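Participant: Sequence unavailable; structure follows:
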């Protein structure tokens with residue numbers, strides 16, 4: 001979902017840019033879950049913000065972010081290749 005949002009916002013940029021920037025964003029959110037600052041704790045108490053910031057760090061989430069972004073990138077790349085042919 002983050003990859004497609006990035007493609008929507010940065011439609012003029014390359015596919016690689018969107019792939020890397022979506023991973024950077026997802027990894028930043030995931031590593032931010034390791035920080036237990038009082039402001040972040042209060043943000044995580046709100047149900048909607050909890051969806052964005054998450055509650056706990058998991059290595060498996062990083063693998064899921066890589067897999068999801070890679071699948072979206074490959075779909076997008078194949079679409080653009082078939083469109084140019």
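Facilitator: All right, it came through fine. Note that the structure is predicted; figures quoted are calculated from it, not measured.

Participant: In this protein, what residue spans correspond to helices?
Facilitator: Assigned by DSSP state H, the helices in the chain fall at 2-9, 15-32, 38-44, 47-53, 59-84.

Participant: can you put those in TSV and add mean pLDDT?
Facilitator: Listed next are these as TSV, based on pLDDT from 0 to 100:
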stretch	mean pLDDT
helix 2-9	94
helix 15-32	95
helix 38-44	84
helix 47-53	82
helix 59-84	92
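
Participant: Can you add mean neighbour count and give the ones you listed back as JSON lines?
Facilitator: Every residue, glycine included, has its C-beta placed from N, CA and C. What follows is the helices of the chain, written out as JSON lines (neighbours: other CB atoms under 10 Å):
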{"stretch": "helix 2-9", "mean neighbour count": "16"}
{"stretch": "helix 15-32", "mean neighbour count": "16"}
{"stretch": "helix 38-44", "mean neighbour count": "12"}
{"stretch": "helix 47-53", "mean neighbour count": "11"}
{"stretch": "helix 59-84", "mean neighbour count": "13"}
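
Participant: got a list of what the nearest residue to residue 53 once chain neighbours are set aside touches?
Facilitator: Of all residues not flanking residue 53 in the chain, residue 44 sits nearest, at 5.4 Å (CB to CB, 6 or more residues apart in numbering). Counting by CB atoms under 8 Å, 6 or more residues apart in numbering, residue 44 makes contact with 50, 53-55.

Participant: Now render the residues you listed as JSON lines, adding distance to residue 81.
Facilitator: As requested, the contacts of residue 44 are exported to JSON lines (distance: CB to CB, whole Å):
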{"residue": "50", "distance to residue 81": "39"}
{"residue": "53", "distance to residue 81": "36"}
{"residue": "54", "distance to residue 81": "35"}
{"residue": "55", "distance to residue 81": "39"}
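
Participant: and residue 33, what does it touch?
Facilitator: So residue 33 contacts 53-57 (CB under 8 Å, 6+ apart).

Participant: Check these for burial and list the buried ones.
Facilitator: The neighbour count (16 or more other CB atoms under 10 Å) marks residue 53 as buried among those.
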